[in-house]
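Undergrad: just coords:
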């Protein structure tokens, strides 16, 4: 909720009243205005703090929106990867995926330790 003040603390502190012969006690008026000015300064300070908080929250919301979009894109990419993981119309069992990961790690070990390129190893499916 936006707060619209009619006067600022500066307006109140510089306000000049006309002097009339049968007027109020000037010291009482000044004392009351000093208290009102103090309240206004506190209120203005809070408004500035809340505006800073608001601006920070707007920035955080924008960052989270961008992150959400990025995560949705990543999720869609992952869904697309799994979309075609099928074997003759049946879903591939998770154990097969674990085995494929293990084979990949073993190929890396063969390459790193034995300096053999796994692509150079021939495989004949009829040997199985």
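TA: Alright, I've got the coordinates. On a predicted model such as this, the values are computed, not experimentally measured, just so you know.
Undergrad: State the pLDDT value of the spatially most central residue of the chain.
TA: For the chain, residue 64 is the residue whose C-alpha lies nearest the centre (CA atoms, centre = their mean; 3.4 Å). For residue 64, the pLDDT comes out at 95.
Undergrad: gap between the host helix or strand of it and the chain center?
TA: Using DSSP states H and E, residue 64 sits in helix 26-83. Its chain's C-alpha centre and that of helix 26-83 lie 13 Å apart, by CA atoms, centre = their mean, to the nearest Å.
Undergrad: by contact count, what packs against that helix?
TA: Using 3 or more CB pairs under 8 Å, 6 or more residues apart in numbering; DSSP states H and E, the elements in contact with helix 26-83 are helix 9-13. C-beta here means a position set from N, CA and C on the backbone, and glycine is covered the same way.
Undergrad: avg pLDDT for the helix it packs on?
TA: Rounded mean pLDDT across helix 9-13 is 78.
Undergrad: show me what contacts residue 8?
TA: Residues counted as contacts of residue 8 (CB atoms under 8 Å, 6 or more residues apart in numbering) are 40, 44.
Undergrad: Ramachandran coordinates for the closest residue to residue 29 other than its chain neighbours?
TA: Nearest non-adjacent residue to residue 29, counting by CB to CB, 6 or more residues apart in numbering: residue 17, 7.0 Å away. The phi/psi pair for residue 17 (degrees, to the nearest 10) reads phi -100, psi 150.
Undergrad: and the gap between residue 17 and residue 11?
TA: From residue 17 across to residue 11, the span is 13 Å (CB to CB, to the nearest Å).
Undergrad: do the same with residue 82
TA: Computed as CB to CB, the residue 82 to residue 11 distance reads 66 Å.
Undergrad: Could you do residue 5 as well?
TA: Distance from residue 5 to residue 11, by CB to CB: 9 Å.
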